[in-house]
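[1] Just need the structure, nothing else, for what follows:
(chains A and B)
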Amino acid sequence: MGDAAVTATPEVLKFGNAYNYWIKTDTGFDLSRGAAEKATVKTTKDPITIAPKKSALVIIDMQNYFLHEKCFDNAPGRDSASIMMQTVEACRKAGIPVVWCNMGMDESDRYTLPPSYLYMSYLRDKATFNKTIGTVSVPGSAEPIDMGGKLIKGSWNAELWGPLKEFADEGIKAGTDVHIWKNRFSALAGQQPLELWLKDNQITTTLWGGVMTDVCVWGSMIDAYYKGFDIVMVNELANTTNPDFVIKTAHRNTENWGWLTDAKSLMEGIEKATA
Amino acid sequence: MGDAAVTATPEVLKFGNAYNYWIKTDTGFDLSRGAAEKATVKTTKDPITLAPKKTALVIIDMQNYFLHEKCFDNAPGRDSASIMMQTVEACRKAGIPVVWCNMGMDESDRYTLPPSYLYMSYLRDKATFNKTIGTVSVPGSAEPIDMGGKLIKGSWNAELWGPLKEFADEGIKAGTDVHIWKNRFSALAGQQPLELWLKDNQITTTLWGGVMTDVCVWGSMIDAYYKGFDIVMVNELANTTNPDFVIKTAHRNTENWGWLTDAKSLIEGIEKVTL
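    This next block holds a predicted model:
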């Protein structure tokens, strides 16, 4: 069915079609779409019951270019790494796949980047995309290393920041995490690999973190919303250096069209997954 | 070229590839991409020089469902009709096509609408998409008329509101305006007809108005941005019933990644088209 159907008990509402549907009762929203294993998570509004196997945690842009002191004055992003890793570990245990989604261009991307994006990016650091953005001192290297071309796939600046790199590599090796590139603020604008990965893995509920809450995180979330995914922001995992009113807007929109939860509530909920 | 090139005079910067590029000088941004006919328009920041033949004014959701008193308490939207029609007339004179883009579903849309959208919509008016939302008294009809299925293509509630309907029909008949449907907040999410129309007409600069500034207008604008279009919001033409902080966010984002102009500046600028 493609519509809300009010059933015999007016408190039970079903929305959607046979593959993609929610059931709303007075105790909350069932997003599990009939999966065997479920976990109930508190949010700022109603509780949601998710299916770990149909959920994914997507972490946006936690890479050197947006976090390392040499590139960006982003303390909120850096400071979130600890709670982020705790949350990722809980997701791995619960069977919720983790997607590390960084900004990274290749040569075809560079030639098709719109002037609006090129200009906005140039304004920030006066660097173009076709040559190295300089060098940086890193632990373990006597000489400074090349940061690489700005946001170019394979460069140091497109790699995950600090402790996250090794942490994610462990997950990727173990098969619990994946790394996927994006080439716009939104990981789901146009035709990008994240959408195909979500579809291939039959994910219907997306959980979000990363930087910046109001730009690349919310930008990805709203495009995910249009494409039919449930959207859940994990408060401490999403950070920004932009003013409070844009965070307030992102939270308002998240609560209007999805849900806002916190790391503790998420971890507590998914720990208690039931079959 | 796919990158910013700093030329001999450091004040002239070119961004983009051979089809889609901007030229920035200290007098503003040339978005005309080499077109013969140009018009310079003041904005809240730098002036922009656009090409009427490569520009379109897109008006979002100015339909009965979002504007008529029977459906929505949206005085800001209704009150904008006068300045909107003045601006449209100026665009018609200048050769800038006008797109009236309303929310309208068909049967395949209803079956693929995600639960997140179905629920959000149900919350507002407790109406589903598969039956009439009631009747309404209209001038010129002795009996109340059927408002039709919610946001269904061809229904009264999906038609342009009040004076805009006849006004747009004149433009469509004259070939200066078109009507295009959307099926998500954003007219450019996924694969929708507006994107193809813009491409087929080689439009590179998009001007925006309609309701709500922060939801369907900004939602469409940011997706247009990702897809390579220049984005310009026309202040008085974009309205919302949502709180001030979300308007502030939409304006901030518009000024960061595009331009914010006002109806008077736009009308004055395009009146003076030069070859």
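
[2] Which residues belonging to the longest strand seen in chain A are considered buried?
    Longest strand in chain A, counting residues (DSSP state E): strand A:230-239. Buried residues in strand A:230-239, defined by neighbour count with 16 or more other C-beta atoms under 10 Å in any protein chain shown: A:230-239. Using the backbone N, CA and C atoms, a C-beta is placed for each residue, glycine as well.

[3] show me where the stretch 1-150 of chain A has strands.
    Along the stretch 1-150 of chain A, the segments classed as strands by DSSP state E, counting those that start in this stretch run A:5-6, A:13-16, A:21-25, A:28-30, A:39-41, A:48-50, A:55-60, A:98-103, A:135-136, A:145-146.

[4] Outline the domain layout of chain A.
    The record's domain parsing of chain A by automatic domain parsing lists A:51-104+A:158-274, A:107-150.

[5] Setting aside sequence neighbours, what's the nearest residue to the residue positioned nearest the centre of chain A?
    In chain A, the centroid-proximal residue (C-alpha atoms, centre = their mean) is A:Val58; its distance is 3.0 Å. Using C-beta to C-beta, 6 or more residues apart in numbering or on different chains and skipping residues adjacent in sequence, the residue nearest A:Val58 is A:Val99, 4.6 Å away.

[6] wait, what's in contact with the one you found?
    Applying C-beta atoms under 8 Å, 6 or more residues apart in numbering or on different chains to A:Val99 gives the contacts A:56-59, A:177-180, A:194, A:197.

[7] and which of these is nearest to chain B?
    A:Leu194 (13.5 Å; C-beta to the nearest C-beta).

[8] sec struct for the nearest residue to the closest one once chain neighbours are set aside, please.
    Nearest in space to A:Leu194, with sequence neighbours left out and distances taken as C-beta to C-beta, 6+ apart, is A:Ala187 at 4.5 Å. What DSSP: H, G, I helix; E, B strand; the rest coil gives for A:Ala187 is coil.

[9] Just confirm A:His179 contacts A:Lys165, I think it does.
    No. In terms of C-beta atoms under 8 Å, A:His179 does not count as a neighbour of A:Lys165; the distance is 10.3 Å.

[10] neighbours of A:Thr135, just the number please.
    By other C-beta atoms under 10 Å in any protein chain shown, 14 other residues sit near A:Thr135.

[11] Check the one 4 residues further on too.
    Summarising burial for A:Pro139: neighbours were counted as other C-beta under 10 Å, giving 5.

[12] measure stretch A:195-204 end to end?
    By C-alpha to C-alpha, to the nearest Å, the extent of stretch A:195-204 from end to end equals 11 Å.

[13] quick one: it to chain centroid distance?
    14 Å (C-alpha atoms, centre = their mean, to the nearest Å).

[14] Could you do stretch A:64-80 as well?
    With C-alpha atoms, centre = their mean, you get 17 Å for stretch A:64-80.

[15] ditto for stretch A:70-85
    Using C-alpha atoms, centre = their mean, the offset of stretch A:70-85 from its chain centre is 15 Å.

[16] List the buried residues of that stretch.
    Buried-residue list, stretch A:70-85, by 16+ other C-beta under 10 Å: A:71-72, A:74, A:76-78, A:80-81, A:83-84.

[17] Find the nearest non-adjacent residue to A:Gly28, please.
    Using C-beta to C-beta, 6+ apart, the closest residue to A:Gly28 is A:Pro47 (3.8 Å).

[18] the helices in chain A, which residues?
    A:64-67, A:75-79, A:81-94, A:107-112, A:115-125, A:162-174, A:193-200, A:218-226, A:244-257, A:263-271 (DSSP state H).

[19] burial of A:Lys248, as a residue count?
    So A:Lys248, with other C-beta under 10 Å, has 16 neighbours.

[20] Up against chain B, what does the stretch 151-275 of chain A have?
    Counting by C-beta under 8 Å from any C-beta of the partner chain, the residues of the stretch 151-275 of chain A close to chain B are A:184-186, A:189-190, A:214, A:219, A:222-223, A:225-231, A:243, A:245-246, A:248-249, A:252-253, A:256-258.

[21] please redo it, this time with the cut-off set to 7 Å
    Where the stretch 151-275 of chain A comes near chain B, counting by C-beta under 7 Å from any C-beta of the partner chain, the residues are A:184-186, A:189-190, A:219, A:222-223, A:225-228, A:230, A:245-246, A:248-249, A:252, A:256-258.

[22] For the residue nearest to A:Leu194, list the residues it contacts.
    A:60, A:101, A:194, A:220 (C-beta atoms under 7 Å, 6 or more residues apart in numbering or on different chains).

[23] Name the residues that touch stretch A:219-236?
    A:20, A:31, A:60, A:80, A:83, A:87, A:185-189, A:195, A:198, A:204-209, A:254, A:257-263, A:266, B:114, B:116, B:184-186, B:189-190, B:219, B:222.

[24] any idea how far A:Lys153 is from the residue nearest to A:Val58?
    For A:Val99, the distance to A:Lys153 equals 16 Å [C-beta to C-beta, to the nearest Å].
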